[in-house]
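A.B. asks: Got a predicted structure here, sequence first:
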Amino acid sequence: MISKNLKETISLFPENEVFFRVHNSYYINLNHISKYYKHQGGTLIMSNNESVNISRHKKTEILKKIL
């Protein structure tokens with residue numbers, strides 16, 4: 001458990017292109033994307049079978065990174 005907000009927590013990670021903020025509530029590891037479903041913003045299915053919604057504002061950026 002951690003008492004920091006998401007922005008503070010991600011600042012503790014090393015700077016690289018592996019982690020990406022796809023929504024206000026989600027940072028993901030790009031290496032663990034299994035599938036992408038296209039709709040409004042879109043949905044990512046991660047390697048642990050969890051689904052993560054993509055913000056409409058982040059859709060273009062994430063597509064550049066995964067395609």
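C.D. replies: Thanks, I have the structure now.
A.B. asks: Give me the number of neighbouring residues for Ile28.
C.D. replies: Using other Cβ atoms under 10 Å, Ile28 has 19 neighbouring residues. Heads up, the C-betas are built off the backbone N, CA and C, glycines and all.
A.B. asks: close enough to count as contact, it and Ser47?
C.D. replies: No - if you go by Cβ atoms under 8 Å, Ile28 and Ser47 don't touch, sitting 10.4 Å apart.
A.B. asks: What residues of stretch 26-46 count as buried?
C.D. replies: For stretch 26-46, burial by neighbour count (16 or more other Cβ atoms under 10 Å) applies to Tyr26, Ile28, Ile33, Gly42, Leu44.
A.B. asks: Which of these sits closest to Lys7?
C.D. replies: Of all the buried residues of stretch 26-46, Lys7 sits closest to Tyr26, with 12.4 Å by Cβ to Cβ.
A.B. asks: Tell me which residues touch that closest one, please.
C.D. replies: For Tyr26, the contact set (Cβ atoms under 8 Å, 6 or more residues apart in numbering) comprises Val52, Asn53.
A.B. asks: I'd like the mean pLDDT over stretch 28-39, please.
C.D. replies: Per-residue pLDDT over stretch 28-39 has a mean of 94.
A.B. asks: Could you list the residues in contact with that stretch?
C.D. replies: Here stretch 28-39 has contacts from 17-20, 22, 42-49, 52, 63, 65-66, using Cβ under 8 Å, 6+ apart.
A.B. asks: Give the PyMOL command for selecting the buried subset of those residues.
C.D. replies: Buried subset of the contacts of stretch 28-39, written as a PyMOL selection, criterion 16+ other Cβ under 10 Å:
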select buried, resi 20+22+42+44+52
